[in-house]
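Novice: build me a structure from this.
(chains A and B)
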Amino acid sequence: MRQSHLFTKTRKSAPKDEVSKNAQLLIRAGYIHKEMAGVYSYLPLGLRVLTRIEQVIREEMDAIGGQETKMATLHPSENWKQTGGWDNVDVLFKLMSRTEKEYALGQSEEEIVTPIGQEYASSYKDLPVAIYQIGQKYRDELRAKSGIMRGREFGMKDMYSFHETQDDFDRFYGIVKEAYFKVYSRCGLDAKVTEASGGAFSEKFSYEFMVLTDAGEDDIVYCEKCTHCANVEVSSQKEGDTCPKCSKGELKSAKAAEVGNVFDLGQKYPKAFNFTFKTNDGTEQYPVMGCYGIGTTRLMGTVVEVLSDDKGIVWPKEIAPYRVHLIGITGGNKDVAAEADKLYDHLQENGIEVLYDDRDARAGEKFADSELIGIPTRIVVSEKTMQEGGVEVVERTTGTAAFIQDSGIIEYFQK
RNA sequence: CGGGGCGUAGUAUACCGGUAGUACAUCUGCUUUGGGAGCAGACAGACCGAGUUCGAUUCUCGGCGCCCCGACCA
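Specialist: Okay, the predicted model is just below:
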């Protein structure tokens, strides 16, 4: 992508009404555009990041047998009335058509996925099954906050599983947990898992996946010696306590962002829709159901909160909008511009995604923009580098510059 | 939903009871070119409504919007 064609531009200052770091940086760098409180549009750069996050999640869900779908987000009110959610889920957006027919906007998909499961899973031979989707969710939050961390419209991967037994759900939960840790790791985050309450819709437990950041909304305690982590909201554990798991470490308290969760739904939804399957002895039974969420847009915001520095965003390679930011410092020299053009083509021909700053701008502006946008590797072509037969390469994470010969450029990105 | 704060060009800001100035961005021209360039010129603005007043962007009230704290958080 030639930056001269990219329709977004960077800004020096953030809008005064955005305080959160993720919103300030993402807006300044041209990733997102605010529509209203809690609702953002994703612009070309932002969409590329979001799409990559989705792809990481997709790969990990597919790897554990999840099957992707695209379920409706405009829901019939009847399904919500059948589960009681129409009157009991206060974040549910309800709307009415011109013919006074009622609808709900999907804030979660149990009301949709359960009847679908019922249609296709009628035997124990069809279980377990896990289906998921990645898409928009709508929640009528009383207060949207923290940029893209808590919005009224947001992106989420939600997976639902149906099992013959509780034991089988527990087994599958362990598999999902490992897959979730892979997702966070690939996104450059270090996550912890905690037990928490199931919220209003489940009398059973839930698990929350947490990333330490002051931008988060949850108060947790965690052990530095082991993986133990608990939500202060539902546990009596507090800072300074001896870790109940390893009894070696002392608990520390911290703010954390919930970047994923798992709910054990039991048989609530199958019962509400009378979804039964035949067991191997011919009796009818309700399946055990689980749901597994990852907020894709919140995950993006969390990455910005956790990894950015005073110069701008720092994307991990897996989810960066481009792998390389190629910068031509031409100073009006046509030979340099031609050399940068050539390198741009060369990188693309080798499958390396590149944002090419071919703008007629000064070096300082290009460097500052590059650091704000946060692409992992910057390559600089200038008169100086041409004389030496190579390019300057700077990693965004460290800021250290290295010189590599033209012949070694592609190899640099293949290691 | 309770409390607090804020609404001035595209963005960030300043001043003012007598219709608004600056910076960045944008446009034109010349110069400049490895850390957000310089000069000259141009375009562009008071959230909405009511009230007070000779006159309101400024004061008062209401609405709307946004941010923050709290509550809430499938």
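Novice: tell me how far A:Q24 lies from A:L372.
Specialist: The spacing between A:Q24 and A:L372, counted by CB to CB, to the nearest Å, is 11 Å. Placement of C-beta: from N, CA and C, glycine included.
Novice: if you could redo that for A:K157, that was the one I meant.
Specialist: Using CB to CB, A:K157 is found at 28 Å from A:L372.
Novice: next one: A:S122
Specialist: Separation of A:S122 from A:L372 (CB to CB): 55 Å.
Novice: quick one: low-confidence parts of the stretch 201-350 of chain A?
Specialist: A:201-204 (pLDDT under 70).
Novice: next, the residue in it positioned nearest to RNA strand B: phi, psi?
Specialist: The nearest approach of the stretch 201-350 of chain A to RNA strand B comes at A:G331, 2.4 Å away (CB to the nearest atom of the strand). Note on A:G331: backbone dihedrals following degrees, to the nearest 10 are phi 60, psi 30.
Novice: residues in contact with the residue nearest to it when sequence neighbours are not counted?
Specialist: Of all residues not flanking A:G331 in the chain, A:E383 sits nearest, at 6.8 Å (CB to CB, 6 or more residues apart in numbering). Residues near A:E383 by CB atoms under 8 Å, 6 or more residues apart in numbering: A:I329, A:G331, A:N333, A:V336.
Novice: quick check: residues of the stretch 251-400 of chain A near RNA strand B?
Specialist: Where the stretch 251-400 of chain A comes near RNA strand B, counting by CB under 7 Å from any atom of the strand, the residues are A:263, A:265, A:291, A:311, A:329-332, A:362-365, A:367-369, A:371-372, A:380-385, A:392, A:394.
Novice: can you tell me which of those are buried?
Specialist: Using 16 or more other CB atoms under 10 Å as the burial test, those include A:263, A:265, A:291, A:329-330, A:367, A:369, A:371-372, A:380-382, A:385, A:392, A:394 as buried.
Novice: now go through those and say which are in helices.
Specialist: Counting by DSSP state H, the members of these that fall within helices are A:F367, A:D369, A:E371, A:L372, A:T385.
Novice: which members of those are the farthest-apart pair?
Specialist: Across these, no pair lies farther apart than A:L372 and A:T385, at 22.7 Å, counting by CB to CB.
Novice: does RNA strand B sit close to stretch A:157-173?
Specialist: No. Using CB under 7 Å from any atom of the strand, stretch A:157-173 never reaches RNA strand B; the gap is at least 8.4 Å.
Novice: alpha carbons of that stretch, in PDB - could you do that?
Specialist: Coordinates of each C-alpha in stretch A:157-173 appear next as PDB, following Å, rounded to 0.1, in the frame of the first residue of the first chain:
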ATOM      1  CA  LYS A 157     -15.900 -14.300  18.700                       C
ATOM      2  CA  ASP A 158     -18.500 -16.400  20.400                       C
ATOM      3  CA  MET A 159     -18.400 -20.200  20.400                       C
ATOM      4  CA  TYR A 160     -21.000 -22.500  21.800                       C
ATOM      5  CA  SER A 161     -20.600 -26.200  22.500                       C
ATOM      6  CA  PHE A 162     -23.100 -29.000  23.300                       C
ATOM      7  CA  HIS A 163     -22.000 -32.100  25.300                       C
ATOM      8  CA  GLU A 164     -23.500 -35.400  26.400                       C
ATOM      9  CA  THR A 165     -22.200 -35.000  30.000                       C
ATOM     10  CA  GLN A 166     -20.700 -32.500  32.400                       C
ATOM     11  CA  ASP A 167     -17.500 -34.400  32.300                       C
ATOM     12  CA  ASP A 168     -17.300 -33.900  28.600                       C
ATOM     13  CA  PHE A 169     -17.800 -30.200  29.000                       C
ATOM     14  CA  ASP A 170     -15.000 -30.000  31.600                       C
ATOM     15  CA  ARG A 171     -12.700 -31.900  29.200                       C
ATOM     16  CA  PHE A 172     -13.500 -29.500  26.400                       C
ATOM     17  CA  TYR A 173     -13.100 -26.500  28.600                       C
END
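Novice: give the buried residues for it.
Specialist: For stretch A:157-173, the neighbour count (16+ other CB under 10 Å) marks A:K157, A:D158, A:M159, A:Y160, A:S161, A:F162, A:H163, A:E164, A:D168, A:F169, A:F172, A:Y173 as buried.
Novice: ramachandran angles for the nearest residue to A:S146 once chain neighbours are set aside?
Specialist: Excluding its sequence neighbours, the residue lying closest to A:S146 (CB to CB, 6+ apart) is A:S20, at 4.5 Å. Main-chain dihedrals, A:S20, degrees, to the nearest 10: phi -70, psi 140.
Novice: one more: A:P287?
Specialist: Main-chain torsions, A:P287, degrees, to the nearest 10: phi -70, psi 160.
Novice: residues contacting it?
Specialist: Here A:P287 is in contact with A:G117, A:A121, A:L127, A:F162, A:H163, A:E164, A:Q267, A:P270, A:F275, A:T276, A:F277 (CB under 8 Å, 6+ apart).
Novice: excluding chain neighbours, what is closest to A:Y160?
Specialist: In space, and not counting its chain neighbours, A:Y160 is closest to A:V113: 4.6 Å by CB to CB, 6+ apart.
Novice: equivalent analysis for A:I373, please.
Specialist: A:A29 (5.0 Å).
Novice: and for A:E153?
Specialist: Spatially, and ignoring its direct neighbours in sequence, A:E153 is nearest to A:V39 (4.9 Å; CB to CB, 6+ apart).
Novice: and that neighbour, how close does it get to RNA strand B?
Specialist: Computed as CB to the nearest atom of the strand, to the nearest Å, the A:V39 to RNA strand B distance reads 8 Å.
Novice: try A:F162
Specialist: Distance from A:F162 to RNA strand B, by CB to the nearest atom of the strand: 13 Å.
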